[in-house]
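Enquirer: Predicted coordinates and the sequence they were generated for:
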Amino acid sequence: MDATATAFSFAPIQALHHDRTRRIRAVLTPAAQHQAGTPESPESAAADYCLTHHALEGAEAAARARDTAAFDWYSAHPDANAPALSTPTAVGPRIILTPNLDRLPRSEISETPYYILCPDTTPAPPDLRELATTAYAAGVRHGFADLLAGHAVVVCLLRRKKLGDTLDSWTITRLPGTIYCDHVDEPTVLARDLIHEAGHNWLNDALAATACKTSDEAKFHSPWKKTTRPAFGFLHACFAFPLTMIYTARALPETSGDLHQFLAAYLDQQHGLLAGTVDDHARALTLITDSDLRQRLHAVHREALSL
């Protein structure tokens with residue numbers, strides 16, 4: 001079975017997006033009418049969900065700083081000024097940024113650096129927007145349209161590196177649909193990393209939407225971290241890395257030279273790491289109380305192992 005053919009269209013996530021967006025906008029603009037009109041597409045709802053989280057975070061920070069002007073801007077822009085920042089892609093308008101690394105603060109509740117859309121946010125330079133646009137197209141071409149449409153709305157491109165360098169990337173739960181990542185001048189590699197981080201965003205939403213809470217007491221060996229991790233982190237790794245394996249296997253035939261060698265080595269390395277998770281993954285899945293979500297996680301893991 002092609003796990004990615006069905007894995008990402010998940011009704012509980014779509015309901016979560018609609019409900020949380022409505023509630024956030026009611027807080028940001030309490031005097032406005034938030035009527036239920038024509039149902040949004042899942043892609044549009046996912047974008048709204050991502051952008052309203054940026055507006056909420058920005059408004060909260062402005063309120064704490066007693067910055068009335070910034071607070072009023074977020075209240076007036078619950079979409080965080082998305083139309084002025086968006087770049088057309090194969091999965092719809094995306095916001096591609098290159099924030100100054102000095103503009104990635106850490107807060108009291110998040111040690112991980114992050115960036116929030118704000119009044120002076122500007123799009124990435126044209127060459128990097130083109131890189132991202134081509135990366136999205138590659139992801140769509142190889143079966144990840146729904147994942148990227150729903151969970152890679154804002155992309156912050158960080159450090160430009162060379163093929164073979166260590167690439168850092170991450171997401172944070174407070175800004176769903178947002179990805180922070182280093183990049184090389186290869187859209188095929190960027191697509192791989194967008195899929196990896198979008199997978200984390202998808203699973204965060206899926207766990208929240210199904211009210212699945214995993215115990216921190218259960219520990220599992222992570223071959224990627226070379227340590228034991230709670231079920232939450234272990235299951236995230238056993239979902240996001242297999243997605244990159246599936247993508248890489250599909251993308252390999254259209255690559256050549258150094259890029260082909262790089263991706264082939266990556267796929268071989270990941271297959272070896274994933275093979276060591278079979279028993280622990282089966283045990284960890286028993287902690288997922290929603291049967292549909294449990295089956296989706298199992299199907300992706302199994303497809304990657306079969307490559």
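Expert: Perfect, I can see it now.
Enquirer: Helices of this protein, start to end?
Expert: In chain order, the chain shows helices spanning 3-6, 11-28, 42-64, 68-76, 82-85, 126-141, 145-151, 187-209, 231-251, 257-275, 278-285, 291-305, with DSSP state H as the criterion.
Enquirer: what residues does the last one touch?
Expert: This points to helix 291-305. Counting by C-beta atoms under 8 Å, 6 or more residues apart in numbering, the neighbours of helix 291-305 from elsewhere in the structure are 1-4, 6-7, 10, 203, 206-207, 210, 212, 235, 238-239, 241-243, 245-246, 270-271, 274-275, 277-278, 281, 285, 288. Yep, even glycine has a C-beta here, placed from its N, CA and C like the rest.
Enquirer: okay, the helices of the chain, which one's buried deepest?
Expert: The highest mean neighbour count among the helices of the chain belongs to helix 145-151 (a mean of 25), with neighbours defined as mean count of other C-beta atoms under 10 Å.
Enquirer: Which other helices and strands does it contact?
Expert: In this structure, helix 145-151 makes packing contacts with helix 42-64, helix 126-141, helix 187-209, judged by 3 or more C-beta pairs under 8 Å, 6 or more residues apart in numbering; DSSP states H and E.
Enquirer: Just the CA trace of the last one, in PDB.
Expert: In PDB, the C-alpha atoms belonging to helix 187-209 read as follows (Å, rounded to 0.1, in the frame of the first residue of the first chain):
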ATOM      1  CA  PRO A 187      15.300  21.900  -4.300                       C
ATOM      2  CA  THR A 188      15.200  18.100  -4.100                       C
ATOM      3  CA  VAL A 189      16.900  18.300  -0.700                       C
ATOM      4  CA  LEU A 190      14.800  21.200   0.600                       C
ATOM      5  CA  ALA A 191      11.600  19.200  -0.400                       C
ATOM      6  CA  ARG A 192      12.900  16.300   1.800                       C
ATOM      7  CA  ASP A 193      13.400  18.600   4.800                       C
ATOM      8  CA  LEU A 194      10.000  20.300   4.300                       C
ATOM      9  CA  ILE A 195       8.400  16.900   4.200                       C
ATOM     10  CA  HIS A 196      10.200  15.800   7.400                       C
ATOM     11  CA  GLU A 197       9.100  18.900   9.300                       C
ATOM     12  CA  ALA A 198       5.600  19.000   7.900                       C
ATOM     13  CA  GLY A 199       5.400  15.400   9.200                       C
ATOM     14  CA  HIS A 200       6.100  16.700  12.700                       C
ATOM     15  CA  ASN A 201       3.400  19.400  12.300                       C
ATOM     16  CA  TRP A 202       0.900  16.800  11.000                       C
ATOM     17  CA  LEU A 203       1.600  14.400  13.900                       C
ATOM     18  CA  ASN A 204       1.300  17.200  16.500                       C
ATOM     19  CA  ASP A 205      -2.100  18.100  15.100                       C
ATOM     20  CA  ALA A 206      -3.200  14.500  14.800                       C
ATOM     21  CA  LEU A 207      -2.400  13.800  18.500                       C
ATOM     22  CA  ALA A 208      -4.200  16.900  19.600                       C
ATOM     23  CA  ALA A 209      -7.200  16.300  17.300                       C
END
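Enquirer: Give the other helices and strands that that helix contacts.
Expert: For helix 187-209, the elements it packs on are helix 11-28, helix 126-141, helix 145-151, strand 169-170, strand 178-183, helix 231-251, helix 257-275, helix 291-305, judged by 3+ C-beta pairs under 8 Å, 6+ apart.
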